[in-house]
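Colleague: For reference, the sequence and a predicted model appear below.
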Amino acid sequence: MKVDQLHLETPLIESLALGRRLSQRVWLKMEALQPCGSFKARGMGFACQRYLAHGRERLVTSSGGNAGLAVAYAGRQLGVPVTVVVPDSTSDRARQLLRDEAAEVVVFGQSWQEAHEHAQTLLEADSAYLHPFDDPVIWEGHASLISEVLASGLEPEAIVLSVGGGGLLCGVAMGLQKAGWSNATLVTAETAGADSFYQTVQAGELVELERISSVATSLGAKKVARQALEVSRRLKVVPHSPTITASSSNPPAEPPLHSRTRASRCCKKLRISF
């Protein structure tokens, strides 16, 4: 099946409520409107098309979260078989959403790492493996977010985005470089118990978490892509991670003073949130 692109060009909507709270203009890029519900449609869809153009005929990935769903969606649209390996912790609903997209679901292991390793054993000569976040081809697809912002006529001083394994961060950084916006500040957010990027930036080297303790089990990676660390060294990045767990009764701790100062100093006029 011939398809030009699998993702939608999503609206960029100004949030007056957030603007009042922050005393600056804020726009929201509405990525939840993608057919599979997240920005992953961009990178995964782009990568699937690239690999199929190079002769691959089957898609394999390892994610019970948005990445797996995006590959399943892309495979159904392109008319090719998809196998998604998920750990046992993946919810029944997530498994059903994958099956709804006609993907074969294989349950293996207690963690994403185990599922990822098992997926490698399923690859054949005509297979392409779609890593959930660590692949330059996927980053190139995610970079289309910035291309759309550029086309809108806006030039952000700061971009707020979430980090799991770092794929979105790497794609946004690639897009900023193409747009000539290397001075924009990137404010990253992670869930408590899955803050591998925050810890990596603080340490100045890749840090692997002992485990993902966040209740949002599909939103984090024990170790981010190495390129995410390189982005933090090359661009203005302000990482933020909450210091409480879901069961804590304590109020959220503020980010370190130096991070808050840098963020406020660099982001006075315009923010875009993904």
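Modeller: Looks like it arrived, so ask away. Residues are numbered from 1 along each chain as shown.
Colleague: Give me the contacts around stretch 44-58.
Modeller: Contacts with stretch 44-58, where a contact means Cβ atoms under 8 Å, 6 or more residues apart in numbering, come from 3, 5-7, 59, 61, 67, 70-71, 73-75, 77-78, 80-83, 124, 126-128, 130, 135, 137-138, 140-141, 144. Heads up, the C-betas are built off the backbone N, CA and C, glycines and all.
Colleague: which of those residues are buried?
Modeller: 6-7, 59, 61, 67, 70-71, 73-75, 77-78, 80, 82-83, 127-128, 130, 135, 137-138, 140-141, 144 (16 or more other Cβ atoms under 10 Å).
Colleague: So which of the contacts of stretch 44-58 belong to helices?
Modeller: 67, 70-71, 73-75, 77-78, 137-138, 140-141, 144 (DSSP state H).
Colleague: Now do the helices in the chain.
Modeller: Along the chain, the segments classed as helices by DSSP H run 16-22, 40-53, 66-78, 92-100, 112-121, 136-142, 144-152, 167-179, 196-203, 226-234, 257-266.
Colleague: Any chance of the ones you listed in TSV with distance to Ser213 as columns?
Modeller: Listed next are these as TSV, based on distance: least, Cβ to Cβ, whole Å:
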stretch	distance to Ser213
helix 16-22	29
helix 40-53	23
helix 66-78	20
helix 92-100	19
helix 112-121	14
helix 136-142	26
helix 144-152	29
helix 167-179	22
helix 196-203	12
helix 226-234	20
helix 257-266	22
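Colleague: JSON lines please, covering the ones you listed and showing mean pLDDT.
Modeller: JSON lines is the format used below for the helices of the chain (pLDDT from 0 to 100):
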{"stretch": "helix 16-22", "mean pLDDT": "95"}
{"stretch": "helix 40-53", "mean pLDDT": "97"}
{"stretch": "helix 66-78", "mean pLDDT": "96"}
{"stretch": "helix 92-100", "mean pLDDT": "95"}
{"stretch": "helix 112-121", "mean pLDDT": "93"}
{"stretch": "helix 136-142", "mean pLDDT": "98"}
{"stretch": "helix 144-152", "mean pLDDT": "97"}
{"stretch": "helix 167-179", "mean pLDDT": "97"}
{"stretch": "helix 196-203", "mean pLDDT": "95"}
{"stretch": "helix 226-234", "mean pLDDT": "97"}
{"stretch": "helix 257-266", "mean pLDDT": "36"}
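Colleague: Out of the ones you listed, the one nearest Val215 is which?
Modeller: Of all the helices of the chain, helix 92-100 sits nearest to Val215, with 14.3 Å by Cβ to Cβ.
Colleague: Report all helices and strands that that closest one contacts.
Modeller: Helices and strands touching helix 92-100, by 3 or more Cβ pairs under 8 Å, 6 or more residues apart in numbering; DSSP states H and E, are helix 66-78, strand 82-86, strand 104-107.
Colleague: Can you tell me what sits against the longest one?
Modeller: Under the contact criterion Cβ under 8 Å, 6+ apart, helix 66-78 has outside partners 1, 3, 6, 35-38, 40-41, 43-45, 48-49, 52, 59, 61-63, 81-82, 84, 86, 94, 97-98, 101-103, 130, 132-133, 167, 218.
Colleague: State the distance from Glu208 to Val201.
Modeller: Plainly put, Glu208 is 14 Å away from Val201 if you go by Cβ to Cβ, to the nearest Å.
Colleague: More neighbours: those two, which one.
Modeller: The neighbour comparison of Glu208 against Val201 (other Cβ atoms under 10 Å) goes to Val201, with 24 against 12.
Colleague: measure that one to His142 for me?
Modeller: Using Cβ to Cβ, we find Val201 at a distance of 20 Å from His142.
Colleague: what sits against the residue nearest in space to the middle of the chain?
Modeller: The residue lying closest to the centre of the chain (Cα atoms, centre = their mean) is Leu168, at 3.9 Å. Leu168 makes contact with Phe39, Gly43, Phe133, His142, Leu161, Ser162, Phe274 under the criterion Cβ under 8 Å, 6+ apart.
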